[in-house]
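K.L.:
starting from these lines, generate the structure:
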Amino acid sequence: MPSISRRGLLYGAGVSAALATGAFGVGRAFADSIEDTPRFDLSTDAIKTRFFEKPLKSGNVMQSFGFDDTRDRVYLAQVMDAKGGPGDHNKLGNLCVNQATVDGKVTGSMYLRGFGHGVGIGVEPDADGVVVWVEGDAYDAGGDFTFGRKIARVRFKAGADVKYADVPERDRFDPVPGATALTPALDLEYGRIGVKYNEAGKVRFRVYDFAEFKNRNFTPLAEFDKPEDIANRVYFQGWTLFGRYLYTLEGSNWGNQGSVYPDGNVFLSSVDIETGRMSQHSITRAAKFFKYREPEGMAVRRRKPGDPRSAVIHFGLASGNKGDRLATLYTKPAFVG
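P.N.:
Down below sits the predicted model:
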């Protein structure tokens, strides 16, 4: 597994000018340097996968997804619907986690009650199956939104129904005490976990060594504010982490926040975690023929774990009718250089 070393506090000259353009997130990075790693080229045409307009267990849009690279499975999180019983599941923070083949056949699902909105999901495979990492400890964020105050891990078991209150303390993580709207992203290729959170009115990111995080050493490898140009006027819809770069997805359905056919407002961005600076910001017109088209979720699939250049980045789009939404995955497999 490629490694990334720690470094001392660094935020060099030229920061003020960068902040004036919104290109940097205010923050810190630690270690001698963050090693250079391949960066996905987000400007290339998106490629449709076999996971195209597939129904999931819940009729709501998918919120996030992640891959089990050892078994060719994908796990997708949604807000629960009425099949999980009565109640306002959005306000209660109740989630449905689907297990599916990479071509979109659902092979199992489980419920997570009182966890949050499912904005991010991490998938950690082991000999016994998969542990999913999600937000936990749901709270009412106002409006129709419920998010999590902590990070939780839960072993996936088809048919299970898990309440957050029943999650053992060893499986709850509080890396930024007092922060809200926490969501995780796993990078198993480089052995790291990222956490997005809200603190003091700002959206921020921290990146940790995954093994240290599980041992409750919450000293970050890097931390920074969300660059101002990302999700400034549209919804933040997903993110993932791979090597030196963090990737984000933003946008909304047609007719919302200036989304007009044929271009829409769905953007993919990459951020250098050493500097907090945005490296690329690119619109995608993938699936512009969808009548309903909402971006939802990002993840990296490692086709050959241990070979970073074999990896491909995916982003999701929701389609279909209200109460009967469908999930689609597109990919951008090329790297810069």
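K.L.:
return the backbone torsion pair for the closest residue to K304 other than its chain neighbours.
P.N.:
Leaving aside its sequence neighbours, K304 sits nearest to S310 (Cβ to Cβ, 6 or more residues apart in numbering; 3.9 Å). Any C-beta I mention is one placed from the backbone N, CA and C, and that applies to glycine too. Main-chain dihedrals, S310, degrees, to the nearest 10: phi -90, psi -10.
K.L.:
S310: how many residues sit nearby?
P.N.:
A total of 13 residues lie near S310 under the criterion other Cβ atoms under 10 Å.
K.L.:
was I right about V271 contacting S279?
P.N.:
Yes: applying Cβ atoms under 8 Å, one finds V271 in contact with S279, separated by 6.5 Å.
K.L.:
need the contact list for the residue nearest to K304.
P.N.:
Applying Cβ atoms under 8 Å, 6 or more residues apart in numbering to S310 gives the contacts 302-304.
K.L.:
also D103?
P.N.:
49-51.
K.L.:
which one of the residues you listed has the most neighbours?
P.N.:
Counting by other Cβ under 10 Å, top hit in those: F51 with 22 neighbours.
K.L.:
which SSE is that one in?
P.N.:
Under the criterion DSSP states H and E, no helix or strand holds F51.
K.L.:
for it, give its distance to Q257.
P.N.:
To Q257, F51 is 26 Å away according to Cβ to Cβ, to the nearest Å.
K.L.:
now swap in G142 and tell me
P.N.:
Taking Cβ to Cβ, one finds G142 at 19 Å from Q257.
K.L.:
so between the two, which is more surrounded?
P.N.:
Taking neighbours as other Cβ under 10 Å, G142 and Q257 compare with Q257 leading, 12 against 8.
K.L.:
which ones are touching that one?
P.N.:
So Q257 contacts 233-235, 251, 265 (Cβ under 8 Å, 6+ apart).
K.L.:
what is the end-to-end distance of stretch 141-157?
P.N.:
Taking Cα to Cα, to the nearest Å, stretch 141-157 runs 29 Å from one end to the other.
K.L.:
tell me which residues of it come out buried.
P.N.:
Under the neighbour-count criterion of 16 or more other Cβ atoms under 10 Å, stretch 141-157 has 141, 146-154, 156 buried.
K.L.:
now intersect those residues with the strands, please.
P.N.:
146-154 (DSSP state E).
K.L.:
hmm, which two among those residues are most spread apart?
P.N.:
Greatest spatial distance among these (Cβ to Cβ): T146 and R153, at 19.5 Å.
K.L.:
which residues in the chain form helices?
P.N.:
15-21, 89-92, 210-214 (DSSP state H).
K.L.:
worst average pLDDT in the ones you listed?
P.N.:
Within these, confidence is poorest for helix 15-21, with a mean of 32 (mean pLDDT).
K.L.:
so who does G66 touch?
P.N.:
Listed by Cβ under 8 Å, 6+ apart, the contact partners of G66 are 74-75, 121-123, 132, 186, 299.
K.L.:
same question for Y164.
P.N.:
Y164 neighbours (Cβ under 8 Å, 6+ apart): 93, 112-115, 136-138, 152.
K.L.:
ok, for it, nearest residue in space, not its chain neighbours?
P.N.:
Using Cβ to Cβ, 6+ apart and skipping residues adjacent in sequence, the residue nearest Y164 is G114, 3.8 Å away.
K.L.:
same question for V234.
P.N.:
Q257 (4.6 Å).
K.L.:
tell me the spacing between that neighbour and N98.
P.N.:
28 Å.
K.L.:
quick one on the thing from earlier: with neighbour numbers in mind, choose between V271 and S279.
P.N.:
Shown here are V271 and S279; by other Cβ under 10 Å, V271 has more neighbours (27 against 19).
K.L.:
measure F40 to R153 for me?
P.N.:
In terms of Cβ to Cβ, F40 sits 27 Å off from R153.
K.L.:
just S269 next, same as before
P.N.:
To R153, S269 is 27 Å away according to Cβ to Cβ.
K.L.:
same thing with V162?
P.N.:
Taken as Cβ to Cβ, the span from V162 to R153 is 11 Å.
K.L.:
cool, F210 as well?
P.N.:
11 Å.
K.L.:
could you do V260 as well?
P.N.:
41 Å.
K.L.:
can you check the pLDDT for D32?
P.N.:
In this prediction, D32 carries a pLDDT score of 54.
K.L.:
now the strands for the stretch 51-200 of the chain?
P.N.:
54-55, 62-68, 73-79, 95-101, 106-113, 122-126, 129-140, 146-155, 161-163, 172-173, 180-187, 192-199 (DSSP state E, counting those that start in this stretch).
K.L.:
ok, now the stretch 201-337 of the chain?
P.N.:
Under DSSP E, counting those that start in this stretch, the stretch 201-337 of the chain gives strands at 202-209, 222-225, 236-242, 245-250, 267-272, 277-283, 294-302, 311-321, 324-332.
K.L.:
ok, the closest residue to R155 other than its chain neighbours - contacts?
P.N.:
Spatial nearest neighbour of R155, excluding adjacent residues (Cβ to Cβ, 6+ apart): V131 at 5.3 Å. The contact partners of V131, taken as Cβ under 8 Å, 6+ apart, are 123-125, 153-156.
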